[in-house]
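Peer 1: sequence and computational prediction follow.
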Amino acid sequence: MKQKFSVQGMTCSACSTHVEKSVRKLKGVQAVQVNLLTNSMNVEYDEAILSDSDITCAVELAGYSASSLKHEKAQKDTEKKMEDGMQEMKIRLILSIVFWIPLMYISMGDMMGLPMPEFLNGMVYAIPFAFTQFLLLIPIIYVNRKYFMVGFKSVWRKAPNMDSLIAIGSAAAIFYGCFAIYKIGYGLSMHNHEVVHYYVMNLYFESAGTILTLITVGKFLESHSKGKTSDAIRKLIDLSPKTAFVRRNDIVEEVAIEEVRIGDIILVKPGESIPVDGVIQVGNAYMDESALTGESIPISKTVGDLVMSATINTNGYLEIEALKIGDDTTLAQIIHLVEEASSSKAPIAKLADQVSGFFVPVVIVIALVAFIIWLLLGVGLEEAMSIAICVLVISCPCALGLATPVAIMVATGKGAENGVLIRSAEALETLHSIDTVVLDKTGTITKGQPQVQEIVCFGVEDENFILQIAASLELASSHPLAEAMVEESKAKNILLLDTSNFENIVGKGIQAEINDKEYFVGNDKLLKSCGLWEDDLHHQITQYSQEGKTVVFVADSDKVMGIITLADEIKESSISAISALQNLGLDIIMLTGDALKTAEAIAKKISVNRVIAEVLPDQKGEVIENLQKEGHRVAMVGDGINDAVALVSSDVGFAIGAGSDVAIESADIVLMKNDLNDVTTAIQLSHKTIRNIKQNLFWAFFYNTIGIPIAAGVLIPWGIRLDPMFAAVAMSLSSVTVVGNALRLKRFEAQKYQKRR
């Protein structure tokens, strides 16, 4: 089973990597993904071997806390913890700044020519000068004690993280400052003013306070920015009404949405949102579905039509029977898909994870080596320690850990706003390398609602009899052509006949008996297999196929009785969408089970050069695999059950939102608006996202590659030396920069392409 957990206490990618490794070691765990951005963990495991408590225990043993998000209450509790955590960080930040300002004034004021209190001025008052700084530092240490508690605990568990670097660096500065106070006292007692002056100028209390304060400023800004990345999910959650008006026992009462039951009759007034998925029992109205599908034009709904949760009743009174409630509603499923995609990891993120696993220990070693080398070079204890502290502080791996997940979360949220539900980060990454798009015809390029165009009789039977036989046999079939013939018979009030010995012949048609007489309805392959094919029928197929019509033969056991032609209208958006995909440099292939001539006629209308026709449902997957063997990266777009295998086989599968549940479950991306133009939107979003991730990773790696050597003192011979305070500023800015860059994706808009001439 799959289960989502909330993980608290993670501060950098080294933390998430350690949690992931700790859970992966458990017997029965099949897959685990930890997301630093959302503080969440998705685990796929064998529930016969493991339980939720076993997994949370493993996380706790790793030094963090975890809780299952199986229930809505647990999710709300987690959200409250995150809000409380943000408030607590805000208080920490304010208190840190309140004490940091006078600390900096006292430590730096004299050098800047600022007036100083008499009792802190001059060598005589060196002890009060140093001790006052220490007293001002204590509250900063206390409110930021989490860095020390978590950091040193992580070192003890042999899994050092960002907090470990901060804790070691600032603790070194604090202990050195305390040592300096003793040396000042010693210098005063011995009247050695050189010693007093030296240690007064090198206390490092202000460095420790600045490191802790500026890191907290950076973490606060980072958390605030990270909060913006999940705006799309929060907006979706806020769409659902919190209450509903329900009629029970002829009494209308307002109840909490959690109390609505399947089968309840819900009353919805104009302007109100639909609280559940249901079917209209009374009334008609125009429904605004833009929140879910992105489609701005309201859609007419009447008795018998399905309505979705979170859509808005714009102008009519409705009574709706609840069919899906709670986590089963369309809105809940969309939220689940977006959250799942936001929590998943793209393959490109594995590089950052691998680096994070050994990054912090390597940094600690570099700091120690730099400390020893500079001591050996004779720069003095305080100078060598300052360099080591700089290395520890500047190299916190926050930016590295945030580079990928923050961009993925913004992109999946932006996709949802545009009616494109991206189910995994892997699909989002793979999509940018696609070179071939395979389009199913029926329901994807066309409306999927074929209509009977013409009935041609051979012999004495009339048109209604031909239609009666065809519709009677097709009544048991779910094929769109079958439904079209049944609907045509209903429109003409033709009575359908009982059938027996029904047999569906895949890829050919159907056969059954009516009043002990055998009948056949299907294509030319069916006639040939039954020995009823006549060569002059070939002309009929060619003629209608060139017009883009599908020919269905109706026959009994002796002869062909007639033909029914059907045609499926092309969607208005299909031509522009295909042109846009071609403008992106993609090869477009139309895949269909229709006859080749019919398929080619439609392909000509939509400017598609390559057609693969007369493909049976179980062969569609083979077609995709053959294209992949040729070296193509293939995206498949489909809507039906018969597309499921092809959707799974493709590198990226797109399901049309109004298609079958099987197709949607098999796909990587769901197009809620049933519009092929959204394939272009998804591809453009993928390109923008991957570019953004590469930028983030580049700056994260570049920052550490440049920053660590400078902090280690490689430029000191040229007079350039980094102070621990500036190292703290640089570290904080690196994380904020990466998050800020990813937030630029919120401005994404799909580029519109003109039709090719």
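Peer 2: Sure thing, it's come through.
Peer 1: centre of the chain to the helix or strand harbouring Asp163, how far?
Peer 2: Using DSSP states H and E, Asp163 sits in helix 162-189. Between the centre of helix 162-189 and the centre of its chain there are 46 Å (CA atoms, centre = their mean, to the nearest Å).
Peer 1: tell me the mean pLDDT over the next helix or strand after that helix?
Peer 2: Remark: after helix 162-189, the chain's next helix or strand is helix 193-200, criterion DSSP H and E. Average pLDDT, helix 193-200: 84.
Peer 1: mind listing what's buried in helix 193-200?
Peer 2: Buried residues in helix 193-200, defined by neighbour count with 16 or more other CB atoms under 10 Å: 196, 198-200. Any C-beta I mention is one placed from the backbone N, CA and C, and that applies to glycine too.
Peer 1: so Val255 versus Ile265, what's the distance?
Peer 2: Distance of Val255 to Ile265, computed by CB to CB, to the nearest Å: 12 Å.
Peer 1: so what sits against both of these two?
Peer 2: Common contact partners of Val255 and Ile265 (CB atoms under 8 Å, 6 or more residues apart in numbering): Val246.
Peer 1: can you pull out the helices in the stretch 1-150 of the chain?
Peer 2: Taking DSSP state H, counting those that start in this stretch, the helices of the stretch 1-150 of the chain run over residues 13-24, 52-61, 72-108, 126-143, 145-156.
Peer 1: Ser649 is nearest to which of the ones you listed?
Peer 2: Closest approach to Ser649 among the helices of the stretch 1-150 of the chain (CB to CB): helix 13-24, 28.5 Å.
Peer 1: got the CA positions of that closest one in PDB?
Peer 2: The C-alpha coordinates for helix 13-24 follow below in PDB (Å, rounded to 0.1, in the frame of the first residue of the first chain):
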ATOM      1  CA  SER A  13      18.600  17.900   1.900                       C
ATOM      2  CA  ALA A  14      21.000  16.000   4.100                       C
ATOM      3  CA  CYS A  15      18.100  15.500   6.600                       C
ATOM      4  CA  SER A  16      15.700  14.300   3.900                       C
ATOM      5  CA  THR A  17      18.400  11.900   2.500                       C
ATOM      6  CA  HIS A  18      19.000  10.500   6.000                       C
ATOM      7  CA  VAL A  19      15.300  10.000   6.700                       C
ATOM      8  CA  GLU A  20      14.900   8.300   3.300                       C
ATOM      9  CA  LYS A  21      17.800   5.900   4.000                       C
ATOM     10  CA  SER A  22      16.500   5.100   7.500                       C
ATOM     11  CA  VAL A  23      13.000   4.100   6.200                       C
ATOM     12  CA  ARG A  24      14.400   2.300   3.100                       C
END
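Peer 1: how about it: buried residues?
Peer 2: Using 16+ other CB under 10 Å as the burial criterion, the residues of helix 13-24 that qualify are 13-23.
Peer 1: mind giving me the domain split of this structure?
Peer 2: Domain assignment for the chain by automatic domain parsing gives 2-70, 241-328, 435-446+571-650, 451-567.
Peer 1: to Leu733, which of these lies closest?
Peer 2: Short answer: domain 2-70, nearest of the domains of the chain by CB to CB, at 15.8 Å.
Peer 1: burial measure for the residue nearest to Thr681 when sequence neighbours are not counted, as a count.
Peer 2: With sequence-adjacent residues excluded and distances taken as CB to CB, 6 or more residues apart in numbering, Thr681 is closest to Ala750, at 4.1 Å. Other residues lying near Ala750 total 17 when counted by other CB atoms under 10 Å.
Peer 1: Gly419 is in contact with Ala750, correct?
Peer 2: No. Using CB atoms under 8 Å, Ala750 makes no contact with Gly419, being 10.9 Å away.
Peer 1: show me the contacts for the closest residue to Asp435 other than its chain neighbours.
Peer 2: Leaving out its chain neighbours, the residue that sits closest to Asp435 by CB to CB, 6+ apart is Arg633, at 5.2 Å. In this structure, Arg633 makes contact with 430, 433-436, 651, judged by CB under 8 Å, 6+ apart.
Peer 1: ok, the residues you listed vs Tyr519, which is closest?
Peer 2: Thr436 (41.7 Å).
Peer 1: so who does that closest one touch?
Peer 2: 586-589, 627, 632-635.
Peer 1: then Arg248?
Peer 2: The contact partners of Arg248, by CB under 8 Å, 6+ apart, come to Asp264.
Peer 1: just Asp328 next, same as before
Peer 2: Asp277.
Peer 1: distance of it from Asp277?
Peer 2: Remark: distance between Asp328 and Asp277 (CB to CB) = 7 Å.
Peer 1: equivalent analysis for Gln582, please.
Peer 2: Distance from Gln582 to Asp277, by CB to CB: 37 Å.
Peer 1: so these two - more neighbours on which side?
Peer 2: Between Gln582 and Asp277, counted using other CB under 10 Å, the more crowded position is Asp277 (22 against 18).
Peer 1: so Ile455 versus Val521, what's the distance?
Peer 2: 13 Å.
Peer 1: and these two? Which one has more around it.
Peer 2: Neighbours were counted for Ile455 and for Val521 using other CB under 10 Å; Val521 has more, 26 against 20.
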